[in-house]
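Peer 1: structure for this input, please:
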Amino acid sequence: MVSPARAGLLAGCALLVVAAAPVSGATVVPDRVMAKMAARLFPLLAAWPRDIRPAQVAALLKLRRQRIAACSGDARCVLEAARWTDPERDMIAKAGDEAGLATTSDDGVRASIVREIAGINAVIGVYGQAVAPRYPKIDGPDPDHAIANAAAAVALAEAGRDAPVSALDPSIGLALALLDGNDRDDAAAFEPLDARFNHAAMVRAKTLDWSRYRYTAIIVPGIGPEDLATPLSALGKLNVQMAVTLWNTGLAPFVLFSGGTVHPRGTRAAEAVEMARAASERFGVPASAILIEPYARHTTTNLRNATRRLVALGAPLDRPALISTNPDQSRYIASATFAGRNQAELGYQPGRIGVRVSPTQLLFQPSAMSLRIDPSDPLDP
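Peer 2: Now for the predicted structure:
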């Protein structure tokens, strides 16, 4: 049964036909934001080499382009035509695997491509066809502008159809346009992250003797405020103070703050950025000891994304990190409920949760499985 919201959006899109073909002979100017988003969300599909097009794949991609072009700009038609079917997904995933495309994921190219295509379909569904998002309180389009934004995104994708991000298939540009049209470029908002925000720590890590420290980092999850006027919540300030005190004892070389622009919905304050600012300005922690991870939207991805930053840093994953947070969140992270949520939402455990050495501290052994990119959550893949 189609929900009233989806039925309304589909009906609205069906009435909107937008002709936005590029000017004949003109070269599409690359969009830097779209390029960053593509690299974060669809790293294999968006960067697929042009010379890897086996005959069967080339035929599939041609049919898909013809199917989308046959819609003649009708938004509802384009959105449905751009979705990938299971056989199409399986064919392109098999081809990518056989071509030996490079991926950082521990489960290989084929699984990575399957996740990317699932992500494309999820974006089209949520931002173009009124499918309910995984986290409806903080995700999804603005319902008051969903129809207009979806139609505009179709036109935006058509205007950039020859852009590099869509070289493999128009659905990639369409998914990006749907996010962009709803002002949800969260996935690339801080890129290049380590060069812009973590440079001093990255430089220090290159010559660091990790054996001098008990832990690779003190990981601090964010606790968002519940109003737009407050950049850092009271519990967030508590987390900062506890972490700085631990860092000052020499237990770890870095404090790693994790948390994105999540609570309340519409906030522009990233928890990690605000906590790092407090650590620096209020407690004098140097930039060379601070790492930020400003994308995580849930406790599950706090740990997943923290692991990614440790890998980028060159930290040895066979050594533990220390999670420092308020007693309630610490207890939750150590619970079977949290382990179940990781399995349900991520499909794996981002690491092994160790003993709680105190009510506010617990050990964490990161796992390389956290390197899997999952664009089904397009704001934090």
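Peer 1: tell me which residues of the lengthiest helix in the chain come out buried.
Peer 2: Of all the elements of type helix in the chain, the one with the most residues (DSSP state H) is helix 108-128. For helix 108-128, burial by neighbour count (16 or more other CB atoms under 10 Å) applies to 109-117, 119-128. Glycine gets a C-beta too; all of them are placed from N, C-alpha and C.
Peer 1: what of stretch 360-379?
Peer 2: Neighbour counts using 16+ other CB under 10 Å place 360-364, 366-367, 369-379 of stretch 360-379 among the buried residues.
Peer 1: what's the average pLDDT for the longest helix of the chain?
Peer 2: On average, the pLDDT along helix 108-128 is 96.
Peer 1: the helix or strand following it versus helix 108-128: what angle between them?
Peer 2: Downstream of helix 108-128, the first helix or strand assigned by DSSP states H and E is helix 146-159. Orientation check (axes from the mean of the first three to the mean of the last three CA atoms, to 10 degrees): helix 146-159 against helix 108-128 gives 130 degrees.
Peer 1: which parts of helix 146-159 are buried?
Peer 2: 146-147, 149-159.
Peer 1: packing partners of it?
Peer 2: helix 4-14, helix 75-82, helix 108-128, helix 170-181 (3 or more CB pairs under 8 Å, 6 or more residues apart in numbering; DSSP states H and E).
Peer 1: so which of these is nearest residue 310?
Peer 2: Checking the helices and strands packed on helix 146-159 against residue 310 by CB to CB gives helix 108-128 as the closest, at 20.8 Å.
Peer 1: quick one: the closest one to helix 75-82, angle?
Peer 2: 170 degrees.
Peer 1: return the distance of helix 108-128 from the chain's centre.
Peer 2: 12 Å (CA atoms, centre = their mean, to the nearest Å).
Peer 1: compute the inter-axis angle for it and helix 170-181.
Peer 2: Using the same axes, to 10 degrees: helix 108-128 against helix 170-181 is 50 degrees.
Peer 1: now for helix 108-128, which elements pack on it?
Peer 2: Using 3+ CB pairs under 8 Å, 6+ apart, helix 108-128 sits against helix 75-82, helix 86-99, helix 146-159, helix 170-181.
Peer 1: ok, now with 10 Å
Peer 2: Packing contacts for helix 108-128, counted by 3 or more CB pairs under 10 Å, 6 or more residues apart in numbering; DSSP states H and E, involve helix 4-14, helix 32-41, helix 75-82, helix 86-99, helix 146-159, helix 170-181.
Peer 1: Throw those into a markdown table and include distance to residue 234 and mean pLDDT, thanks.
Peer 2: Shown next, in a markdown table, are the helices and strands packed on helix 108-128 (distance: least, CB to CB, whole Å; pLDDT from 0 to 100):
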| stretch | distance to residue 234 | mean pLDDT |
| --- | --- | --- |
| helix 4-14 | 36 | 53 |
| helix 32-41 | 32 | 93 |
| helix 75-82 | 43 | 96 |
| helix 86-99 | 46 | 94 |
| helix 146-159 | 35 | 89 |
| helix 170-181 | 32 | 95 |
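Peer 1: of those, flag the one that's most buried.
Peer 2: helix 170-181 (a mean of 27; mean count of other CB atoms under 10 Å).
Peer 1: tell me the mean pLDDT for whichever helix or strand comes after that one?
Peer 2: Per DSSP H and E, the first helix or strand lying C-terminal to helix 170-181 is helix 193-196. Helix 193-196 shows a mean pLDDT of 96.
Peer 1: flag every buried residue along the helix or strand where residue 245 lies.
Peer 2: Using DSSP H and E, residue 245 sits in helix 234-248. Residues of helix 234-248 classed as buried: 235, 236, 239, 240, 242, 243, 244, 246, 247 (neighbour count, 16+ other CB under 10 Å).
Peer 1: hmm, back to that, for residue 29, find the nearest of the helices and strands packed on helix 146-159.
Peer 2: helix 170-181 (13.8 Å).
Peer 1: helices and strands around the closest one, which ones?
Peer 2: Partner elements for helix 170-181 (3+ CB pairs under 10 Å, 6+ apart): helix 32-41, helix 55-69, helix 75-82, helix 108-128, helix 146-159.
Peer 1: the same query, at a cut-off of 6 Å, please.
Peer 2: Judged by 3 or more CB pairs under 6 Å, 6 or more residues apart in numbering; DSSP states H and E, the packing partners of helix 170-181 are helix 108-128, helix 146-159.
Peer 1: relative to residue 295, which of those is closest?
Peer 2: helix 108-128 (15.1 Å).
Peer 1: dump that closest one to CSV, restricted to CA.
Peer 2: Taking Å, rounded to 0.1, in the frame of the first residue of the first chain, the C-alpha atoms of helix 108-128 are listed here in CSV:
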residue,chain,number,x,y,z
GLY,A,108,35.5,-7.1,-1.6
VAL,A,109,34.5,-5.2,-4.7
ARG,A,110,31.3,-7.0,-5.5
ALA,A,111,29.8,-6.4,-2.0
SER,A,112,30.9,-2.7,-2.2
ILE,A,113,29.2,-2.2,-5.5
VAL,A,114,26.0,-3.8,-4.2
ARG,A,115,26.0,-1.4,-1.3
GLU,A,116,26.5,1.6,-3.5
ILE,A,117,23.6,0.6,-5.8
ALA,A,118,21.4,0.0,-2.8
GLY,A,119,22.4,3.5,-1.7
ILE,A,120,21.4,5.0,-5.0
ASN,A,121,18.0,3.3,-4.9
ALA,A,122,17.6,4.4,-1.2
VAL,A,123,18.3,8.1,-2.1
ILE,A,124,15.9,8.0,-5.0
GLY,A,125,13.3,6.4,-2.8
VAL,A,126,13.6,8.7,0.2
TYR,A,127,14.3,12.1,-1.6
GLY,A,128,12.3,11.5,-4.8
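Peer 1: which residues touch that helix?
Peer 2: Residues outside helix 108-128 that contact it (CB atoms under 6 Å, 6 or more residues apart in numbering): 42, 44-45, 79, 83-84, 89, 93, 96-97, 101, 103, 105, 131, 133, 140-141, 150, 171, 175, 178, 182, 374-376, 378.
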